[in-house]
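> Following is a predicted model, sequence given first.
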Amino acid sequence: MSTEDNKEHIQILENGREYYDNENIAYLLPHDIDECGRLEKQHRVFKYIFQKNFWAPVRTQLEEGITVLDSGCGPGSWTLDMAKDFPNSKFHGVDISNFFPDETKPNNCEFIIGNLTETLPFEDNTFDYVHQRLLILGLTNSGWEKCLSELLRVLKPGGYIEILEPNVKNLHNGGPLLEQVHIALAEMMESRDIPITIATELKNRVTETGFVNAVETLDFLPLNHGGRGGELIWGDYYHVYMNIRPMMTKSNPEWDNLEAYETFLGNCASEANTKETSLGWHIICAQKPFN
């Protein structure tokens, strides 16, 4: 898909925000500079909390030099960071939106527009390692099936895939206010056949696709408690829900009032702090069979 083609799939909704308007693109978040900035900041938040960029056992290979795909790379923050840390490896980022950096990328980093629910613009057995993070609001059930199948195709035999998603179905120590938010989110996702339980399904899904040796790691992201990390995670959580407000208002018309919506989310922040609410963070690493 070219940049010009990409523009045809955009519609203007509230306050000049741009969202996708195409039945083949399920992505719920905006396609604009503000969302691009949020994703760049989000990457820094995750690195601050986890103190690393990846979980797959590929550090030695990265240092020696391998070919890596960042699937659904957004503005390329993870891709750029990894390319700078591992100059002997080659990094490719692919995304439906063209917010890729032009002048700041190192020589071992390339970006290309592509739809993960269609055939990716790469040959079979191209990559040694594939990374994908936070597409929970962007892929339908059939989209996940196609995406995982394509990632298996472009991965080399023995290569690793790493997928990271939050469990937004069930919060740890959640309260009634946050439950309202997540009920609205669930209704919105289900109306588009986007699986809200994808984080807990990933291990089975990658295995059913044909990957082997799947290992799941569970961590927890604190929402507005536990120090600076919890504050940063809440900031991103809040930003996401502000960016999908046009869809959230369909569940609760009162949220059509910006001030009322902001007040409600502020009360959610207090609830999360008091109850020490956390978001489950699922990391799945698996391999493509050698045969």
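Thanks, I have the structure now. Just so it is clear, the model here is predicted, and its values are computed rather than measured.
> Just the pLDDT at Lys84, thanks.
pLDDT for Lys84: 96.
> So it sits against Pro106, correct?
Yes. Under the criterion of CB atoms under 8 Å, Lys84 makes contact with Pro106 at 6.0 Å. In short, each C-beta sits where N, CA and C put it, glycine included.
> so which strand or helix has the closest residue to Asp124 other than its chain neighbours?
Distances taken as CB to CB, 6 or more residues apart in numbering place Arg153 nearest to Asp124, at 5.6 Å, with adjacent residues excluded. Using DSSP states H and E, Arg153 maps to helix 141-154.
> That helix: how far from the chain's middle?
15 Å (CA atoms, centre = their mean, to the nearest Å).
> tell me which residues of it are tucked away?
In terms of neighbour count (16 or more other CB atoms under 10 Å), helix 141-154 has its buried residues at Gly143, Trp144, Lys146, Cys147, Leu148, Glu150, Leu151, Leu152, Arg153, Val154.
> how about the third one, what does it touch?
So that's Lys146. Leu116, Thr117, Glu118 (CB atoms under 8 Å, 6 or more residues apart in numbering).
> From Thr207, how far out is the residue nearest to Ile66 when sequence neighbours are not counted?
Distances taken as CB to CB, 6+ apart place Asp128 nearest to Ile66, at 3.8 Å, with adjacent residues excluded. Counting by CB to CB, to the nearest Å, the gap from Asp128 to Thr207 is 20 Å.
> ok, now His172?
For His172, the distance to Thr207 - CB to CB - is 25 Å.
> now Gly76
29 Å.
> Over to Glu187?
Distance from Glu187 to Thr207, by CB to CB: 29 Å.
> Then Asp81?
On the measure of CB to CB, Asp81 and Thr207 end up 29 Å apart.
> What are the buried residues along stretch 166-174?
In stretch 166-174, residues buried by neighbour count (16+ other CB under 10 Å) are Pro166, Asn167, Val168, Lys169, Leu171, Asn173, Gly174.
> Contacts only, for the residue nearest to Ser251 when sequence neighbours are not counted.
Distances taken as CB to CB, 6+ apart place Ala184 nearest to Ser251, at 3.6 Å, with adjacent residues excluded. For Ala184, the contact set (CB under 8 Å, 6+ apart) comprises Met248, Ser251, Asn252.
> you'd agree the second one is in a strand?
No. Looking at Ser251 with DSSP: H, G, I helix; E, B strand; the rest coil, it is coil, so not inside a strand.
> How about the contacts made by it?
By CB under 8 Å, 6+ apart, the contact set of Ser251 is Ile183, Ala184, Glu187, Met188.
> can you pull the contacts of the last one?
So that's Met188. Contacts of Met188 (CB under 8 Å, 6+ apart): Leu28, Ile244, Met247, Met248, Lys250, Ser251.
> Of the contacts of Lys146, grab the buried ones for ChimeraX.
Applying 16+ other CB under 10 Å to those leaves a buried subset, and the ChimeraX line that selects it is:
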select :116,117
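> Using a markdown table, lay out the contacts of Lys146 together with distance to Lys47 and pLDDT.
Below are those laid out as a markdown table (distance: CB to CB, whole Å; pLDDT from 0 to 100):
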| residue | distance to Lys47 | pLDDT |
| --- | --- | --- |
| Leu116 | 23 | 92 |
| Thr117 | 28 | 91 |
| Glu118 | 31 | 91 |
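> List just the nearest of the contacts of Lys146 to Ile194.
Thr117 (12.0 Å; CB to CB).
> what helices or strands is the strand or helix carrying Phe46 leaning on?
Using DSSP H and E, Phe46 falls within helix 33-50. Counting contacts by 3 or more CB pairs under 8 Å, 6 or more residues apart in numbering; DSSP states H and E, helix 33-50 packs against helix 77-85, helix 228-243.
> Please identify which of these is closest to Ala286.
Of the helices and strands packed on helix 33-50, nearest to Ala286 by CB to CB is helix 77-85, at 18.8 Å.
> Tell me the secondary structure at the spatially closest residue to Thr197 that is not a sequence neighbour.
Leaving aside its sequence neighbours, Thr197 sits nearest to Lys169 (CB to CB, 6+ apart; 5.0 Å). When classified by three-state DSSP, Lys169 comes out as strand.
> Tell me who's in contact with Lys169.
Contacts of Lys169 by CB under 8 Å, 6+ apart are His182, Ala186, Ile196, Thr197, Ala199, Thr200.
> what comes up buried for stretch 42-52?
Gln42, His43, Val45, Phe46, Ile49, Phe50.
> This completes my enquiry, with thanks.
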